[in-house]
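Novice: got a predicted structure here, sequence first:
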Amino acid sequence: MLKIDNLHAEIDGQEGKKPILNGLTLEVAAGEIHAIMGPNGAGKSTLSYVLGGRPGYEVTQGSVTFNGQDLLDLEPHERASAGLFLGFQYPVEIPGVSNVQFLREALNAQRKARGEEALSGGEFLKLAKEKAGLLKLDMEMLKRQVNVGFSGGEKKRAEMVQMGILDPTFAVLDETDSGLDIDALRVVGEGINAIMRAQNKGVLLITHYQRLLDVVQPDKVSVLAGGRIVATGGPELAQRLEAEGYDAVMAEAEA
Amino acid sequence: MSDAAILPTTRDESWRYADADWLASADPAELSQWQEVSVAAGESQADTSVITTDGVTRIRVNLAEGARYHHVAIIGADGYARLEVEVTLAKGAHFEFGGVTIGGGEARQEFVTRTIHAEPNATSNQVVRAVQWGKAIGNFLGRIDVHRDAQKTDAGQNFRAILLEKGASANTKPELEIFADDVLCAHGAAIGALDETAAFYMAARGLPPQIARKLLVQAFIGDAFAEMEDELAREALMETALAHLELAVLEQAGDRE
């Protein structure tokens, strides 16, 4: 479903261009949830931004194929219409724009790009209410401005409500568990299962910790370090990382 | 009137960002004309101005005790356009002003206000938003006078500008003359580019750049209309303002660096 081959990417920063991804290769098949773990600075967020097409993140080598399509050839909004969802580690506040307006515009823009009919105001609100309920987010929150005044946990929950409404075929979730307390973690994890666990869908779940993986049980786990995948295994790999730490597992992978 | 024959120049404080060439060829008699507005004690009045042609509009407002006046204005003219509002507030009166300048090309659009708190307990609030591109200039000069016995005055001013392209600019100059000691005067100003982080966030949800940027501009200028109670009138004014945005500008805005 998503095939990343020998991906090299650099960030255009204040101190010039800095290479972050150094030959990253990874494949996620339909029906699969693939967790990416790795130490700080390994390139986890860069990977998600490169997949989303964020300006300032430049691919210098390699390819990304999404459902047979060259993903890197698409504009960020076209990637979304093609079925890709990017869950942000730090969801962005947009003062003056309500969640309802934002998401309705976004959903209808995606539907238009796919040649589908726009949802009416009533149809959209019904859908939004259903997805907000799934994530136990008060519907009143959706009437407020996008992420403005939301706590860290509320932002992450709102992010998953957005995912539910937009119903992507593939989600890249960048540290969706950070900033969540134990109860919220369970709600968000179950939300991911409800929305994305399907034969025709896939998830790249970027996380630091095992605890989200207890709820969203991954089919595969990969370790990202130094801009490359250095080890791939089953769910037991995440448990080993939790128990032994990155250094031990990575040293063994290199040996 | 004594100032009828004198043509202002850009050396005058309140004309410093004006278009000097336009001024030099202006008709002094026309420039010195004021529209008069009076709101009686305890009454309210609301006006809107949509300025799409070049020139200077001057409005002098007198607010009696407890009177309220709300003026909302859009300047979308292509050349030099200026709206001047001078308001004198009696005891307990309130003046609310919302202004939007929106334009590209060679447009030079400005609001100039003078708010005179002549008596105690009056309040005023001014919110001006500028959206410029091309070589356009958006200005806000807001002077606030608080007279000696105008205690408990509460006066606020806020100006923010978004420059969609390099080459556009914005100027603001708050000016406070305060002769009372128990007053609140707040002013804030910020000039910047469109929030590209927000634009990317919106794109990642499927919004094409033009729609994302239009939504951001809409949210930005919405502050100037926020105090309008009539929702339909507010939406109509928003549409009027957004109609000045050029689609091409919205497509390019992100590539300007």
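Specialist: Sure thing, it's come through.
Novice: and the stretch 1-150 of chain A, which residues reach chain B?
Specialist: Proximity of the stretch 1-150 of chain A to chain B, by Cβ under 8 Å from any Cβ of the partner chain, involves residues A:52-55, A:75-77, A:79-81, A:85-86, A:88, A:91-97, A:101-103, A:105-107, A:109-110, A:113. Placement of C-beta: from N, CA and C, glycine included.
Novice: next step: these restricted to strands.
Specialist: Using DSSP state E, the subset of those located in strands is A:Phe85, A:Leu86, A:Ile94, A:Pro95, A:Gly96, A:Val97.
Novice: of all the residues you listed, which comes closest to B:Ala77?
Specialist: A:Gly96 (25.0 Å; Cβ to Cβ).
Novice: do I have it right that that closest one meets B:Gly222?
Specialist: Yes. When contacts are counted by Cβ atoms under 8 Å, A:Gly96 is listed as touching B:Gly222 (4.9 Å).
Novice: check contacts around the closest residue to chain B within the stretch 51-200 of chain A.
Specialist: Closest contact between the stretch 51-200 of chain A and chain B, by Cβ to the nearest Cβ, is at A:Gly96 (2.6 Å). Residues counted as contacts of A:Gly96 (Cβ atoms under 8 Å, 6 or more residues apart in numbering or on different chains) are A:Gln145, B:Gln218, B:Ala219, B:Phe220, B:Gly222, B:Asp223.
Novice: for B:Ala93, same thing?
Specialist: Applying Cβ under 8 Å, 6+ apart, the residues near B:Ala93 are B:Val39, B:Leu63, B:Ala64, B:Glu65, B:Gly66, B:Ala67, B:Arg68, B:Tyr69, B:Glu119, B:Ala122, B:Thr123.
Novice: and the strands in the chain?
Specialist: No chain in the question, so chain A it is. Counting by DSSP E, the strands of chain A are A:2-13, A:16-28, A:33-37, A:57-66, A:69-70, A:84-87, A:94-98, A:145-146, A:170-174, A:202-206, A:220-225, A:228-233.
Novice: wrong one, I was asking about chain B
Specialist: All strands of chain B, identified by DSSP E, fall at B:35-39, B:44-51, B:55-63, B:68-75, B:80-89, B:94-103, B:108-117, B:123-132, B:137-146, B:154-163, B:169-178, B:184-192.
Novice: TSV for those, including mean neighbour count and mean pLDDT?
Specialist: Formatted as TSV, the strands of chain B follow (neighbours: other Cβ atoms under 10 Å in any protein chain shown; pLDDT from 0 to 100):
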stretch	mean neighbour count	mean pLDDT
strand B:35-39	14	97
strand B:44-51	15	96
strand B:55-63	20	97
strand B:68-75	22	98
strand B:80-89	23	97
strand B:94-103	26	97
strand B:108-117	25	97
strand B:123-132	25	97
strand B:137-146	24	96
strand B:154-163	22	96
strand B:169-178	17	93
strand B:184-192	13	91
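Novice: and of the ones you listed, who's closest to A:Gly68?
Specialist: strand B:154-163 (40.2 Å).
Novice: which other residues reach that closest one?
Specialist: Here strand B:154-163 has contacts from B:115, B:117, B:122-133, B:138, B:140, B:142, B:144, B:146, B:169-170, B:172, B:174, B:183-194, B:217, B:220, B:223, using Cβ under 8 Å, 6+ apart.
Novice: at 7 Å instead, please
Specialist: The contact list for strand B:154-163, computed with Cβ atoms under 7 Å, 6 or more residues apart in numbering or on different chains, reads B:115, B:117, B:123-132, B:138, B:140, B:142, B:144, B:169-170, B:172, B:174, B:184-194, B:217, B:220.
Novice: now for whichever residue of the stretch 101-250 of chain B sits closest to chain A: which residues touch it?
Specialist: In the stretch 101-250 of chain B, the residue that lies nearest chain A is B:Ala219 (2.6 Å; Cβ to the nearest Cβ). Shown in contact with B:Ala219 (Cβ under 7 Å, 6+ apart): A:Ile94, A:Pro95, A:Gly96, A:Val97.
Novice: among those, find me the one that's closest to A:Ala253.
Specialist: Out of the contacts of B:Ala219, the member with the shortest distance to A:Ala253 (by Cβ to Cβ) is A:Ile94, at 41.4 Å.
Novice: tell me what the closest one is bridged to.
Specialist: A:Ile94 has the following beta-bridge partners by DSSP bridges: A:Val146.
Novice: tally of neighbours for it?
Specialist: Neighbour count for A:Ile94, taken as other Cβ atoms under 10 Å in any protein chain shown: 24.
Novice: and what of B:Gln210?
Specialist: B:Gln210 has 16 nearby residues by other Cβ under 10 Å.
Novice: got it, and the one 4 residues further on?
Specialist: B:Lys214 is flanked by 17 other residues according to other Cβ under 10 Å.
Novice: thought it was touching B:Glu246?
Specialist: No. B:Lys214 is beyond contact range of B:Glu246, at 10.7 Å (criterion: Cβ atoms under 7 Å).
Novice: residues from the stretch 101-250 of chain B in reach of chain A?
Specialist: Proximity of the stretch 101-250 of chain B to chain A, by Cβ under 7 Å from any Cβ of the partner chain, involves residues B:196-198, B:200-201, B:203-208, B:211, B:215, B:219-220, B:222.
Novice: now do 10 Å
Specialist: Selection of the stretch 101-250 of chain B residues close to chain A by Cβ under 10 Å from any Cβ of the partner chain yields B:195-209, B:211-212, B:214-223, B:226.
Novice: rewinding a little: of all the strands of chain B, which one is nearest A:Gly152?
Specialist: strand B:184-192 (25.6 Å).
Novice: in its sheet, what does the closest one sit against?
Specialist: Strand pairing for strand B:184-192, determined by DSSP bridges: strand B:154-163 (parallel).
Novice: tell me the contacts of the nearest residue to A:Gln239 once chain neighbours are set aside?
Specialist: Once flanking residues are discounted, A:Gln239 sits nearest to A:Gln210: 6.5 Å by Cβ to Cβ, 6 or more residues apart in numbering or on different chains. Contact analysis of A:Gln210 by Cβ atoms under 10 Å, 6 or more residues apart in numbering or on different chains lists A:Ala35, A:Met37, A:Val221, A:Pro235, A:Ala238, A:Gln239, A:Arg240, A:Leu241, A:Glu242, A:Ala243.
Novice: which among those residues gets closest to A:Thr25?
Specialist: The closest of the contacts of A:Gln210, once distances to A:Thr25 are taken by Cβ to Cβ, is A:Val221, at 15.6 Å.
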